[in-house]
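Colleague: Okay, here's the prediction I keep looking at, along with the sequence it came from:
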Amino acid sequence: MNEAIGGIGIIIYLAIVVFLIASMWKVFEKAGQPGWAAIIPIYNLIIMLKIVGKPWWWLLLMIFIPYVGILVWGIWMINLMALSFGKSSGFTLGLIFLGFIFWPILGFGDAQYNGPAAADAAKNYPEYAKE
């Protein structure tokens, strides 16, 4: 009996993971990037940085600065992702805490990619755009 419940749990977990991958695939395609990039572990972060308009070396900051890298640059990247699709900062909280609900909304919903949010910010605030 316990083995059957464990097997059902694994099947449900895998179904959620496949659904989230499909959602991210759609988000990438909406942004004009290859959808298959969502399934390649490090490459998908590089593509996400490209979508939001940040340089690839942000990935190095996220990886090599413990805790701060993920907490600061990772959350900032997700916020820029929401802004790139015309969503608010409240949607960013949804992507972080309830990603299994909000990534499908972004991918399968009516959200349109408006271009990289970071590039838009660079136009509006050129003094902060220097890299």
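Modeller: Yes, it's here.

Colleague: Tell me how many other residues crowd residue 96.
Modeller: 14 (other Cβ atoms under 10 Å). In short, each C-beta sits where N, CA and C put it, glycine included.

Colleague: so after the helix or strand where it lies, what's the next helix or strand?
Modeller: Assigned by DSSP states H and E, residue 96 falls within helix 89-97. Next in sequence after helix 89-97, counting helices and strands by DSSP H and E, comes helix 99-108.

Colleague: And that following helix, what's buried?
Modeller: 102, 103, 104, 105, 106, 107 (16 or more other Cβ atoms under 10 Å).

Colleague: Now for the last one: which residues touch it?
Modeller: In other words, residue 107. Shown in contact with residue 107 (Cβ atoms under 8 Å, 6 or more residues apart in numbering): 22, 23, 24, 25, 26, 27, 30.

Colleague: From residue 67, how far out is it?
Modeller: As judged by Cβ to Cβ, to the nearest Å, residue 107 and residue 67 stand 29 Å apart.

Colleague: could you give me the average pLDDT of the helix holding residue 96?
Modeller: For helix 89-97, the mean pLDDT works out to 93.

Colleague: what angle separates that helix from helix 99-108?
Modeller: With axes from the mean of the first three to the mean of the last three Cα atoms, to 10 degrees as the basis, helix 89-97 and helix 99-108 are set at 120 degrees to each other.

Colleague: Can you tell me which of the contacts of residue 107 lies closest to residue 43?
Modeller: Within these, the smallest distance to residue 43 is 12.2 Å, found for residue 24 (Cβ to Cβ).

Colleague: Looking at the residue nearest to residue 116 when sequence neighbours are not counted now. What's its pLDDT?
Modeller: Excluding the flanking residues, the one nearest residue 116 by Cβ to Cβ, 6 or more residues apart in numbering is residue 53, at 2.6 Å. Here the pLDDT value assigned to residue 53 is 90.
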